[in-house]
Structures are given as structure tokens and as C-alpha cells.
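*Asks:* Provided below are the primary sequence and the corresponding predicted coordinates.
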Amino acid sequence: MQEPKPRDAEQSAHRRRQRTGFEFEILTRLPNLYAATLVIPLVFALTARLMPGRGTLEEITRQTAMADIVALAGWLTSWSLLFALTIGCFTVHVMKGPVRVADSYPLPAREDERTKGDGP
């Protein structure tokens, strides 16, 4: 029969706070990434409007509209990527909990170890 573990040792292991994980580092950088992925396409679209290329008014309008479409596509693509990354990092962070230490459950014996002693 196994001796029960002292509860003090188990509780002290769970009271320790570990270093934050990589997902928390990503979560802290995400606001800056969201801002950057908003500003970069905005600068691209404003540059196309403030410094139009040469050509007729129709060509300039077409180029400006194309720049707006490309900026909007880049913004939506980058934000959808960052949103998925945010959900993943938040899920990992919540599932780890405040302790960030694995539970101390005893591992079950492997099949080959159980049958080893039953040999002929």
C-alpha cells in the first residue's frame, strides 16, 4: 500500500508561480502589432492619394482605388491573422491558469511493464 503524500509538499508546489509562457509574451505585444497593421496600410493608401502617379484623371482614380483595395485587403488579412493568434494565446493562457505547474498525477504503468512480471 502506498503512503499518502503530505499535502504540504503538494500545495507548496502549486503555490509557486512560474515564469510566464511564450503565449503571454505574445499577448503583451499584440496591441503594438494591431496598431502597426492598421497604420501601415493606412500610410500606403494615403501615399497613393497624396502623391498620385502620372496620367489622366481616370488612370489616377483607378490607381487610387486599387491602392485602397490593396490597403483594405492587407489590413483585413493581417487583422484576421492577429485575431486568430489572440484567440490561441488567450486560450493557452487561460488553460494554464495562475500556477503554470502541471498537476502531480501518478502515471499509469505501461503495458509492457505490467506483463513483464507475468512471464513463464
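*Replies:* The structure has been received and is ready for your questions.

*Asks:* show me the shaky parts of this protein.
*Replies:* Applying pLDDT under 70 to the chain flags the ranges 1-19, 99-104, 113-120.

*Asks:* let's see it at 90
*Replies:* Confidence mapping of the chain against pLDDT under 90 gives the ranges 1-24, 51-55, 92-120.

*Asks:* so where do the helices sit in this structure?
*Replies:* Secondary structure of the chain by DSSP state H: the helices cover 7-15, 22-50, 57-96, 111-116.

*Asks:* burial measure for A48, as a count.
*Replies:* Applying other C-beta atoms under 10 Å, we find 19 other residues in the vicinity of A48. (C-beta placed from N, C-alpha, C; glycine too.)

*Asks:* go on, A67?
*Replies:* 19.

*Asks:* I'd say it and L42 touch.
*Replies:* No - applying C-beta atoms under 8 Å, one finds A67 not in contact with L42, separated by 11.2 Å.

*Asks:* from H93, how far out is R49?
*Replies:* As defined by C-beta to C-beta, to the nearest Å, R49 lies at a distance of 40 Å from H93.

*Asks:* please disregard the earlier target; I meant M66.
*Replies:* Applying C-beta to C-beta, the value for M66 to H93 is 40 Å.
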